[in-house]
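**Student:** My questions are about this predicted structure, shown below with the sequence.
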Amino acid sequence: MRLTPITTSSYTTTTALSAAKKKSAEPKETETEIRDRILAEIDSGIRQYPSWISEYGEPQDEFLLDDDDDDAIDSATLGQWDEKDFQAKFDYEWDAEEGEEDPNNLDPAYEYAAPFQLDEEGIEVGYNPIFGRSNPIDGRTILNPPDSYVIDEKTRDDRLVPKEFPDGDIEIKVNEDVTALRKSLKIIETHTDPFLKMEVPNHMAKWHGYPEQLSYPKQDYMNNRFTKPEDATDFDKLGPARARKVAVQLARARNNEWLPAGTSEAYHTSKTAIYKEKGILTGSTLPGHADPDVVAKIQPALDVLGDVVELLSIEAGTVFRFKYHGLIKNKRGMSAWAGVLIRNCDVDCTGVVFETGFRKRDPYYDGGSHWYGPY
């Protein structure tokens with residue numbers, strides 16, 4: 001069989017190319033034009049929608065097409081916003097400097113529960129040593145809450161409240177006694193909170209909180225905590241030259257480079273004089289007596305600890321004092337480990353004390369500054 005190759009006429013090719021060029025030459029419709037064209041087709045009836053299109057959407061959307069309520073207040077009736085609207089305050093906003101009363105103060109007309117509820121063992125209810133107090137019944141819980149305004153003696157109107165019993169009925173006196181007894185018991189009314197899953201009181205004095213402190217309290221810019229007022233130098237009465245000379249003299253008097261010889265040594269000696277006066281070494285880094293035989297026996301433990309500690313003394317034969325050079329955060333763990341190493345050397349050890357002097361923290365490791373102490 002002889003196969004004939006498929007060919008395309010020149011007419012068909014020319015027509016397709018011309019249509020493609022014509023389509024590319026036409027400007028594209030924008031989104032606005034497409035919207036207007038669709039709306040025009042809907043208005044003219046050209047575009048038809050299926051019957052189920054009316055069920056599309058949320059039921060709430062039907063109310064958006066309704067006319068406004070005639071009884072609704074128009075926005076123009078409420079007035080215009082201005083800077084005076086921002087001057088209004090809520091119940092929790094108050095200014096103590098202007099003499100306004102603290103809204104968190106308890107109303108003396110009511111009785112309140114004790115600040116802490118104790119159980120049978122005398123332990124505070126809901127107290128956790130890690131998270132603290134969690135008992136919702138505290139000193140703001142009301143023991144004698146007010147009754148409804150309909151039946152409260154201060155606000156009730158007998159003309160509006162139907163009588164439960166006729167006049168002179170003995171049940172009136174009995175009900176009054178029962179009500180007085182119930183109030184005298186001072187039972188705290190509670191309900192189960194669905195979120196906390198615990199009993200919370202029904203009546204509490206509302207806590208409004210306190211305003212956020214946006215700035216530090218104003219203080220006298222001449223406040224000086226280091227100089228007594230009678231010893232302060234009045235630089236205003238001195239001339240510029242004299243004031244500068246006096247300022248340099250005062251600065252040099254407080255500088256270690258300008259102090260007399262022996263002043264710095266005497267200062268540091270006074271820090272350790274109390275230990276020599278009382279005859280104690282605990283709390284200092286002063287060396288004491290250490291039995292050489294015991295030191296030789298614990299030498300394997302000292303080799304393991306290395307330069308982290310330095311043996312200062314052995315107190316009472318079983319308490320080992322070391323000068324600790326490591327991180328403060330590892331001090332407790334290192335002391336416990338040192339005790340284990342000493343006991344592994346067949347030496348009786350009842351305690352290990354790591355002395356760090358005035359060093360309380362590690363400024364280079366916890367974000368502190370090494371220029372401010374004590375460390």
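**Tutor:** Alright, I've got the coordinates.

**Student:** what about the residue at minimal distance from the centre of the chain, is that helix, strand or coil?
**Tutor:** Residue closest to the mean C-alpha point of the chain, counted by Cα atoms, centre = their mean, is Glu212 at 12.4 Å. Of the three states, Glu212 takes coil according to DSSP: H, G, I helix; E, B strand; the rest coil.

**Student:** phi, psi of it?
**Tutor:** Here is the backbone geometry of Glu212 (degrees, to the nearest 10): phi -70, psi 130.

**Student:** in the protein, which spans are strands?
**Tutor:** With DSSP state E as the criterion, the chain has strands at 190-193, 198-201, 309-315, 319-324, 351-355.

**Student:** could I have the fourth one exported to PDB, CA atoms only?
**Tutor:** Meaning strand 319-324. Below are the C-alpha coordinates for strand 319-324, written out as PDB (Å, rounded to 0.1, in the frame of the first residue of the first chain):
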ATOM      1  CA  VAL A 319      33.800  19.100 106.500                       C
ATOM      2  CA  PHE A 320      35.800  20.200 103.500                       C
ATOM      3  CA  ARG A 321      36.000  23.900 102.500                       C
ATOM      4  CA  PHE A 322      36.900  24.800  98.900                       C
ATOM      5  CA  LYS A 323      37.300  28.000  97.000                       C
ATOM      6  CA  TYR A 324      35.100  27.600  94.000                       C
END
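
**Student:** now the helices for the stretch 151-300 of the chain?
**Tutor:** For the stretch 151-300 of the chain, applying DSSP state H, counting those that start in this stretch gives helices covering 170-185, 240-253, 263-278, 292-297, 299-305.

**Student:** want to throw the ones you listed into CSV with distance to Gly339, mean pLDDT and mean neighbour count?
**Tutor:** Where you see a C-beta, it was placed from the backbone N, CA and C, and this is true even at glycine. Output for the helices of the stretch 151-300 of the chain, formatted as CSV (distance: least, Cβ to Cβ, whole Å; pLDDT from 0 to 100; neighbours: other Cβ atoms under 10 Å):
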stretch, distance to Gly339, mean pLDDT, mean neighbour count
helix 170-185, 58, 87, 10
helix 240-253, 49, 84, 11
helix 263-278, 24, 83, 11
helix 292-297, 14, 94, 12
helix 299-305, 9, 94, 15
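
**Student:** on that earlier part again, quick one: the residue nearest to the centre of the chain from Pro292, how far?
**Tutor:** Distance of Glu212 to Pro292, computed by Cβ to Cβ, to the nearest Å: 65 Å.

**Student:** so what's the residue nearest to the centre of the chain up against?
**Tutor:** For Glu212, the contact set (Cβ atoms under 8 Å, 6 or more residues apart in numbering) is empty.

**Student:** still on that earlier bit, of the strands of the chain, which stretch is the most buried?
**Tutor:** Across those, the average number of neighbours (mean count of other Cβ atoms under 10 Å) peaks for strand 319-324, which reaches a mean of 21.

**Student:** quick one: low-confidence ranges for this structure?
**Tutor:** 1-26, 50, 52-70, 73-76, 91-92, 221-227, 254-260, 366-375 (pLDDT under 70).

**Student:** that older thread, now the strands of the chain as TSV including distance to Thr141?
**Tutor:** Shown next, in TSV, are the strands of the chain (distance: least, Cβ to Cβ, whole Å):
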stretch	distance to Thr141
strand 190-193	9
strand 198-201	5
strand 309-315	54
strand 319-324	50
strand 351-355	48
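
**Student:** Gly122: which of those strands is closest?
**Tutor:** Distance to Gly122, taken as Cβ to Cβ, is lowest for strand 198-201 among those, at 20.9 Å.

**Student:** mind listing what that closest one pairs with, with the direction of each?
**Tutor:** Strand 198-201 pairs in its sheet with strand 190-193 (antiparallel), by DSSP bridges.

**Student:** Other residues contacting the strand it pairs with?
**Tutor:** Against strand 190-193 from outside (Cβ under 8 Å, 6+ apart): 136-137, 198-202.

**Student:** do the same with stretch 149-162
**Tutor:** Against stretch 149-162 from outside (Cβ under 8 Å, 6+ apart): Pro146.

**Student:** who touches Lys183 in this structure?
**Tutor:** Applying Cβ under 8 Å, 6+ apart, one finds that Lys183 lies in contact with Asn144.

**Student:** gap between it and Thr32?
**Tutor:** Taking Cβ to Cβ, one finds Lys183 at 73 Å from Thr32.

**Student:** repeat for Leu106
**Tutor:** 64 Å.

**Student:** higher neighbour count, those two?
**Tutor:** Leu106 (12 against 8; other Cβ atoms under 10 Å).

**Student:** Identify the residue spatially nearest to the more buried one, adjacent ones excluded.
**Tutor:** Ala205 (5.5 Å; Cβ to Cβ, 6 or more residues apart in numbering).

**Student:** Thr141 versus the one you found, what's the distance?
**Tutor:** From Ala205 to Thr141 the distance is 8 Å (Cβ to Cβ).

**Student:** cool, Gln48 as well?
**Tutor:** Distance from Gln48 to Thr141, by Cβ to Cβ: 68 Å.

**Student:** of those two, who's got more company?
**Tutor:** Thr141 (25 against 8).

**Student:** give the contact list for the more buried one.
**Tutor:** With contacts taken as Cβ under 8 Å, 6+ apart, Thr141 has the following neighbours: 112-113, 188, 201, 203-204.

**Student:** Among those, the buried ones, what's the ChimeraX command?
**Tutor:** A single ChimeraX command selects the buried members of those (16 or more other Cβ atoms under 10 Å):
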select :112,113,188,201,204
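
**Student:** between the contacts of Thr141, which is nearest Asp348?
**Tutor:** Taking Cβ to Cβ as the measure, Asp348 lies nearest Ala113 of the contacts of Thr141, at 55.3 Å.

**Student:** Fine by me, we can end here.
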